[in-house]
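A.B. asks: Pasting the sequence and the predicted model now:
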Amino acid sequence: MEISGVPRRWRAFPLAAVAVMALALGGCKGSATAAGTPASPASPASPASPTSPASPASPGSAAGCGADYCAPHDWDTARASTPLALIPPFSEPLNVVISARSTVSLAAIQQALGDWPAVSTATTVSVLGLHVKCISSELADVTGGGYLPQHVAWRLGGCLGGNELSLAGNEDHVRIWNQPVAGSRYGAWFIAASYETMCVARNGALDPASEHEAYAALHPGSTYHCVDGGPGSIRTAHPDGYDDAATDFSAAVASAARGHGWQVTTRMVTVPRGASAGEGGVPFGSTVHVLTVTG
């Protein structure tokens, strides 16, 4: 969440990076920059053509590629700064993957989910009298070609409904990056999921905004989204904001897929991470949900 005029998780990136979000990286690359450091985007190229299948090597092998995805340069997002001194810079985990073996498109999966509209960094709504931006950009490197903004973001309940859910600590959202994979029509989709509470910085502490609505309305620059399980959040429903969101989002995708007569397989993989905690020191594990949806 961002408050109008007060950027949240703001990071500058070249306008050329927006063009790269059109799936124009042409497959997995071997070179990369240092972890956590945004790099210049690769030159646009055509997405990988669905020709021969990818190598059957296991993800994380020496080649780094398997049928599901190529191991990304970094399983964490780039470090993001915040406008609040109470929340130091942090990285977040990529904790769900829709594999390159899927034959159902991301758009079809979103439609099957129902109440998970796409949200934009350019859209604002009014909550508690505040003008709130729907979502901010985060950067991830899933191809080895540099840290880029999410290709798309979804929020449970959409922008307005999702922010209303955040007052009770039930706001689940995902940022999604595409990785073209040779032999795959859609490539792999890497997802960062988290539950958040609308919070407010007040008297040197972070508190749920729902407990201080008048203060939040009068101090828009002090309002933020805190990841559940950390300071300022409502912890009872989702005490592990990152891991809980990944588990619940994966279950929602699987349920929606089966409801549409599609086949879905899920598995858990263990990945290397550079960090073990995200925003507000909320911990996250080294496991990732990998889903394959075929129709």
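C.D. replies: Looks like it arrived, so ask away.
A.B. asks: quick one: Glu171 and Val227, what's the gap?
C.D. replies: Counting by Cβ to Cβ, to the nearest Å, the gap from Glu171 to Val227 is 10 Å. Every C-beta, even on glycine, is put in place using the N, C-alpha and C of the backbone.
A.B. asks: can you list residues touching both of the two?
C.D. replies: Residues touching both Glu171 and Val227 (Cβ atoms under 8 Å, 6 or more residues apart in numbering): Tyr195, Glu196.
A.B. asks: And Gly27, what's its pLDDT?
C.D. replies: You'll see Gly27 listed with a pLDDT of 46.
A.B. asks: Same check on the one 4 residues further on?
C.D. replies: The per-residue pLDDT reported for Ser31 equals 32.
A.B. asks: OK, contacts around Arg155?
C.D. replies: Contacts for Arg155 (Cβ under 8 Å, 6+ apart) come out as Trp116, Pro117, Val119, Cys134, Ile135, Gly161, Gly162, Glu171, Asp172, His173, Val174.
A.B. asks: nope, Tyr242 is what I was after
C.D. replies: Listed by Cβ under 8 Å, 6+ apart, the contact set of Tyr242 reads Glu92, Pro93, Asn95, Ala193, Ser194, Val227, Gly229, Gly278, Val282, Pro283, Phe284.
A.B. asks: repeat that with 7 Å
C.D. replies: Contacts for Tyr242 (Cβ atoms under 7 Å, 6 or more residues apart in numbering) come out as Glu92, Pro93, Asn95, Ser194, Val227, Gly278, Val282, Phe284.
A.B. asks: In contact with the second one: list those residues for me.
C.D. replies: Pointing back at Pro93 there. Applying Cβ under 7 Å, 6+ apart, we find Pro93 in contact with Trp75, Asp76, Ala192, Tyr242, Arg273, Gly278, Phe284.
A.B. asks: any idea which of those residues is closest to Gly146?
C.D. replies: Gly146 lies nearest to Asp76 out of these, by Cβ to Cβ, at 14.9 Å.
A.B. asks: so who does the nearest residue to the closest one once chain neighbours are set aside touch?
C.D. replies: Spatial nearest neighbour of Asp76, excluding adjacent residues (Cβ to Cβ, 6 or more residues apart in numbering): Ser91 at 4.1 Å. Ser91 makes contact with Gly36, Asp76, Thr77, Ala78, Arg79, Gly274, Ala275, Gly278 under the criterion Cβ under 7 Å, 6+ apart.
A.B. asks: One more: His212?
C.D. replies: Val200, Arg202.
A.B. asks: Which residue comes closest to Tyr186 once chain neighbours are left out?
C.D. replies: Ser105 (5.8 Å).
A.B. asks: count of neighbours near the one you found?
C.D. replies: Close neighbours of Ser105, defined as other Cβ atoms under 10 Å, add up to 14.
A.B. asks: Next, work out how far apart it and Val200 are.
C.D. replies: 39 Å.
A.B. asks: Over to Thr223?
C.D. replies: Separation of Thr223 from Val200 (Cβ to Cβ) stands at 5 Å.
A.B. asks: Report the set of residues contacting both of the two.
C.D. replies: Ala209, Ala216.
A.B. asks: Pretty sure Ala168 sits against Arg235.
C.D. replies: No: contact criterion Cβ atoms under 7 Å: Ala168 and Arg235 do not qualify, at 11.9 Å.
A.B. asks: what are the ranges of the helices in the protein?
C.D. replies: Ranges of helices in the chain, per DSSP state H, are 16-20, 106-113, 158-166, 213-218, 241-259.
A.B. asks: so which of those comes closest to Cys70?
C.D. replies: Closest to Cys70 of the helices of the chain, according to Cβ to Cβ: helix 16-20, at 16.6 Å.
A.B. asks: what is the mean pLDDT for that closest one?
C.D. replies: 33.
A.B. asks: Check what pLDDT the nearest residue to His219 once chain neighbours are set aside gets.
C.D. replies: Leaving aside its chain neighbours, His219 sits nearest to Val200 (7.0 Å; criterion: Cβ to Cβ, 6+ apart). pLDDT, Val200: 93.
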